[in-house]
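Enquirer: Sequence and predicted structure below; questions after.
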Amino acid sequence: MPKNTTIHKIVIIGSGPIVIGQAAEFDYAGSQACISLQEEGYEVILINSNPATIRTDTDIADKVYLEPLTLDSVSKILRSELPDAIVPTMGGQTGLNLAVELSNSGILEELNIALLGTSLKTINQAEDREAFKDLMVELNEPIPESKTVYDVQSGLAFANKIGFPVIIRPAFTLGGSGGGIASDEAELTTILKEGLSLSPSTECLVEQSIAGYKEIEFEVMRDSNGSAIIVAGMENFDPVGVHTGDSIVFTPTQTLTDKIYQNLRDAALKIVNALKIEGGCNVQLAQDPNSNQYYIIEVNPRVSRSSALASKATGYPIAKIAAKIAVGLNLDEIINPITKTTYALFEPALDYIVAKIPRFAFDKFPEADNTLGTQMKATGEVMAIGTRLEEALLKAVQSLEVSQSEQVDLLSASSVKKSIAEILHDVETPTSNRLFDLFTAISKGASIEQIHQATAIDPFFISKLVHIVNIQKKLLTGMVTAQLILDATKLGFNDTMIRTLTGLTEYNLLKLHEMGDQQLVYKMVDSCAAEFEGQTPYYYQTVGTENESIPVGNSILVIGAGPIRIGQGVEFDYTTVHSVKAIQKAGYKAIIVNNNPETVSTDFSISDKLYFEPLTLDSIMNIVKLEKPLGVIVQFGGQTAINLTQGLVNQGVKILGTSLKGIEETENRHDFEDLLQKESIKHPKGATATTIFEAHQIVSKLGYPLLVRPSFVLGGRGMAVVHNDFELQKFLKPAFAASAGQPILIDQYISGIECEVDILSDGANVFIPGIMEQIEASGVHSGDSIAVYPPQHLSINQKQQICDTAIKIGQQVHCVGMMNIQFIVADDVYVIEVNPRASRTVPFMSKTTHRHLAQLATQLILGASLEDLALPSGLDTEPEKTYVKAPVFSFSKLPGAPTVLSPEMKSTGEVLGSGNTFASALSKALIDSYGFNPSKSANKVLAVGIPSTLKKEILSSGFEVSEFDFKNKISVDQVTFAISSKDDSELGEELTRFALSHQIPLFTANDTVSVISKLHQKIREVAG
Amino acid sequence: MKKYLTLETGQVFVGTACGDTIAERWGELVFTTNMTGYQETLTDPSYTNQLVMFTYPLIGNYGVQSNTSQSESVKASAMIVQELAPSISDEPSLDHLLKMNHTPAISEIDTRQLTKIIRQEGTIHASLTNQPVKDFNTSFQNQTILHDLEIKPLESHPNKNLHVVLLDFGVKHGIIESLETLGVTVSVVSPSTTLTAIEALHPDGVLLSNGPGNPTEYANSLPLIKQLADKYPLLGICLGHQLLALAEGATTYKLPFGHRGSNHPVKNLIDGSFQMTTQNHGFAVSAASIADTPLEVTASELNDQSCEALRLPGKPVFSVQYHPEAAPGPHDAKNVFTKFTSLMNGGH
């Protein structure tokens, strides 16, 4: 069918803030969809509350509403915009849920707004357990049998009917805790009893266990003509039982015979056809490794994290094509954007292997439970492409940015001292660290069979790990020959790994490389295994006899930020993409290196050339040697890129923007102190310690309270405020562990208002777009605090002082481009930190000031002056509106992780609220961040041991304070929010758990509640 | 041990010998983009005399399976891969299968580079040798095609089931299995069988199988095919499709580098629907030549518009260029067989 010409204006619903399970992939999908619909000539309106996204840029959509994703707020927009249609399938679960609410409310019918793409009926059929079950029975497609039970007896009866083993999943418990697998009646009784008691609704699901089956995923596209194709088949390394978002995944499938593969493909297509999907759909299946039996696990009738992965893995842009299908085009009418001569109706043929490894936040939260199950825990992921499975896997490991022991030696620090038997016992339970535990076990001599018995991982995959370890051993102890080096390189060992293992000099290794039959080359990702001529500037490194990548010339290389983790999120994808745009506008070719499949920056249509590679010195130098770019930009890739600067400069690479010297002056403690002293800039007194003894000496000089942190970290990892010797003891060890040999910083802790600025500078003058004020007092990480712009509690003098200081620092380090400076305003203005790069607040400030700050910064880096860009020196004029940035946490996904706000960052995302007053902006921001909706009538505040002053504030604002107690039965409906701001009390922990499992808005810092209380009357008026 | 792949264009690729490490071969070099089903591919008689290269780099992952081969032996004359998966269990490996069939193979080749050469140069010949070849060597002998085919003995059948006589030009087992699954009895006969002998079997329909090589080399079979098409419901698959076209007066031509893979979109010109199909052919029926014949084109390939299916209007006779039996590849086109049985039952 040709495209629908009866519609003109289309609304796309976004996915809101980044949380675990719903992350940057929807920014990628959403921005692709916007571009795709604009290409077809439609007017596109985007609604999303997350500022840190490319798709909320006004040049991506025709109009952007940075507004809460609630029925009320979206209805208002629909009434004023009167669009012809809505696309709900680009905003994850949030988008789908909202579409259902809108439809139920009757507004779509009233305003005659069509829902494009997959219908609501289909969405319901796929998402509703019972409806889905019915459909599968009707189609004769097998699903694991299951039953919801409310008592042990019915659970036993059901299990006896379907047979053991069974899985027990308690309803609404944090991270699915309390569940397990039972092999007999006794085990079932024990687990079920506990599960029922933990579940707030005394409810458990008893399900036939298919743990140990192979987990397979298909990404399917279907159009309204009924043509359906498989874009990618993916096979999980981890068998069924681990959420696919937490699994290591390979594409294409590796261990399935054609017969089995086609059986599963048939099943997937049958379901997608029965559901009448119009667009993208994800089907997850389980395959018995020992028979032809399979089960359908789940169907997601929308673009997803897996579809982003499949798009990057194959080159086939699923969201872009899905958007065109939504407006009526069929697959045979859409040109394949990769070949430009064939059509979108085909199944990609790969001539490489792709590995995805999830990235977890457990390095930040060692106390959190890192076992993996059906609840996703990863914050992000990396992808790597190779000709060999081992190569893809090792490149993905190099992309993870984990510890040296894991990344270079492939060993798990926690299992290195254990026996094979102990490790084999450990790996029976999947954890975030299992891959490295397996490498460790293998290097100690564990066999393929032993590991298979313990983990049910397919022997094929284990044999690949064994192959890697064998080559590693040869490099360590064997005769180093050109052939061995070639073999190792083919498996993905980079030069750093090879040199660490062999002790070869750089020169000797180079000579051995040159002696090999094949060399490191670049190959194109073209979706068709070279059968047709590809047009994609999308490359990966591998070993071969032909290099396909021809240098683009006149180019500038931008280093991306790698996987999304707490402290380094989608904001840096935003800045990377904007930098590329500015480079292109300035007339240069832009090259991106990055390894995160969820992002916009790794869409091959964004830059002039994309290298999908680990962000290591080895990978980047190989690219630099080939491309010979005019320079490299490191300011937009977060700490990842900054950390590579020294190595690049050592190899003679030209860094554009602030020099290495400038970077070091802000990052190196001594240089930084010298600088501040010289300029008479106040800062908390402090010193560095490299041993625990030194630390104690410093403490006795400075006195408490103190802020302790490792140097060169992101997101305040291993950082804490300590008030006494006991607390200091508790924090020193992990801080030293996190600092990887670098010293620990110990500073006076100054209590006051925290502020930050992002500055733009041409090296001589400094422009300050605005000052952000944080509403929580110093001591809460800036990424976790609520920030308001323009500031609400600063005097003109204080603002002036902040600006003067920022200008001084910018000029002293000859900042060219961007820099982020953080202050504490107390009796005086103190500088606490400088980040010589774009920071996480750049998207927020860009959206509020309507200036593309990362683009402006890039122009400065490329040689423009502030004057050229018509930017004044000093602070920009403040806007009339007020903007609030509020953090979003994923606590319910990470049981055991600390929740009380501290210098260690914990949030995974952010939202923006805007209004004419602070109160209205704050109230909007609170809805999609803390889930706190002041217009609701509930007015009970659940608390544990809060200070009396805060209690007074809360009471005087019209709330009722209810002390939380184990025994009290609380009616959840009456609770407006909970406050649990002490992590050292059992009752506090219990309240946190209670709030999270009942989805009660949870505040974990007293300051936040204090501000909300003060503004409550106003907030209610705004919201009501 | 090293192995040398020499192209007629002069390029030499050095790799590692595997399979039968002694044997040497010469022939047409073709690539397939199938990512699964290497065993089916290598045992497909249509690959006779061809050096088969896989564009997917890792081949042999799941070993060799029973009930999977498409004929009794490996038919490809050699295999070219980037990496051959080593054996990790007691189960038979692909390497073992190749050795047992005296099929040489070469691994550690930059197969993407080779694919691009074929794409740019068109069909190309190559030799696989144990020593470097100075001048491109064409002294190797191709196996003769027709005489080497294995033919099942004729059987007489109860007339309860539908009965198909299959003219075997190099049939894949998958075709026979697909018919048998539908309750059809299949008698496999040599293409040199006479019309009288076929009539004596009282078939309900005739199937012209797939097979290797250039369709014009099968001129001897054309008169028989013409007669069969007049008399019986008939289905032609791949080579069988091309032979039906030739028998009815159409012409064939050589594609630049063939269709080999399981991701070929085919458009049904009658109802506008699409199917994802498995294909394995180097020659195609000239769609332009159809105009002067009683045939009608009923399907075409989406990307290059080549002829994918034909029918004889008014007669229960049709043919497809693709492989409805898949093996390997998607099952989307299985309806070809149900259509055939329905025609044999007197349907349309």
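Expert: Perfect, thanks for sending it.

Enquirer: Find the closest residue to chain B in the stretch 801-950 of chain A.
Expert: For the stretch 801-950 of chain A, the residue closest to chain B is residue A:893, as judged by Cβ to the nearest Cβ, at 34.3 Å. C-beta here means a position set from N, CA and C on the backbone, and glycine is covered the same way.

Enquirer: What sits closest to that residue if chain neighbours are left out?
Expert: Counting by Cβ to Cβ, 6 or more residues apart in numbering or on different chains, residue A:20 is the residue found nearest to residue A:893 once chain neighbours are left out, at 4.1 Å.

Enquirer: ok, that neighbour touching residue A:381?
Expert: No: Residue A:20 lies out of contact with residue A:381 (Cβ atoms under 8 Å); the separation is 11.6 Å.

Enquirer: okay, those two: which has more neighbours?
Expert: Set residue A:20 next to residue A:381 and count neighbours by other Cβ atoms under 10 Å in any protein chain shown: residue A:381 wins out with 30 against 25.

Enquirer: just the helices in the stretch 751-900 of chain A please.
Expert: Along the stretch 751-900 of chain A, the segments classed as helices by DSSP state H, counting those that start in this stretch run A:796-812, A:842-849, A:853-861.

Enquirer: Please identify the most buried of the ones you listed.
Expert: Burial of the helices of the stretch 751-900 of chain A is given as mean neighbour count (mean count of other Cβ atoms under 10 Å in any protein chain shown); helix A:853-861 ranks first at a mean of 27.

Enquirer: who does that one touch, helix- and strand-wise?
Expert: Helices and strands touching helix A:853-861, by 3 or more Cβ pairs under 8 Å, 6 or more residues apart in numbering or on different chains; DSSP states H and E, are helix A:571-585, strand A:753-762, strand A:816-825, helix A:842-849.

Enquirer: Now tell me what touches it from outside.
Expert: Contacts with helix A:853-861, where a contact means Cβ atoms under 8 Å, 6 or more residues apart in numbering or on different chains, come from A:574-575, A:578-579, A:581-583, A:585-586, A:633, A:635-636, A:656-657, A:758, A:760-762, A:769, A:816-818, A:838, A:842, A:845-846, A:866, A:868-869, A:871.

Enquirer: before we move on, back to that, right, and the helices and strands packed on helix A:853-861 - which one's nearest residue B:315?
Expert: Proximity to residue B:315, assessed across the helices and strands packed on helix A:853-861 by Cβ to Cβ, is greatest for helix A:571-585 (60.6 Å).

Enquirer: can you put the helices and strands packed on helix A:853-861 in JSON lines and add mean pLDDT and distance to residue A:671?
Expert: Shown next, in JSON lines, are the helices and strands packed on helix A:853-861 (pLDDT from 0 to 100; distance: least, Cβ to Cβ, whole Å):
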{"stretch": "helix A:571-585", "mean pLDDT": "97", "distance to residue A:671": "25"}
{"stretch": "strand A:753-762", "mean pLDDT": "97", "distance to residue A:671": "18"}
{"stretch": "strand A:816-825", "mean pLDDT": "97", "distance to residue A:671": "15"}
{"stretch": "helix A:842-849", "mean pLDDT": "96", "distance to residue A:671": "25"}
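
Enquirer: Show me what the residue of the stretch 551-700 of chain A found nearest chain B bridges to in the sheet.
Expert: Taking Cβ to the nearest Cβ, chain B has its nearest neighbour within the stretch 551-700 of chain A at residue A:612, 16.0 Å off. Taking DSSP bridges as the rule, residue A:612 bridges to residue A:594.

Enquirer: How about the residue in chain B that sits furthest from its center?
Expert: residue B:134 (32.7 Å; Cα atoms, centre = their mean).

Enquirer: just for the stretch 701-850 of chain A, where's the confidence low?
Expert: The stretch 701-850 of chain A contains residues with pLDDT under 70 at A:711-718, A:738-741.

Enquirer: List the residues that contact residue A:450.
Expert: By Cβ under 8 Å, 6+ apart, the contact list for residue A:450 reads A:420, A:424, A:441.

Enquirer: And the average pLDDT for the helix or strand encompassing it is what?
Expert: Using DSSP states H and E, residue A:450 sits in helix A:448-455. For helix A:448-455, mean pLDDT rounds to 97.

Enquirer: try stretch A:355-367
Expert: 91.

Enquirer: which parts of that stretch are buried?
Expert: Across stretch A:355-367, burial judged by 16 or more other Cβ atoms under 10 Å in any protein chain shown covers A:355-365.
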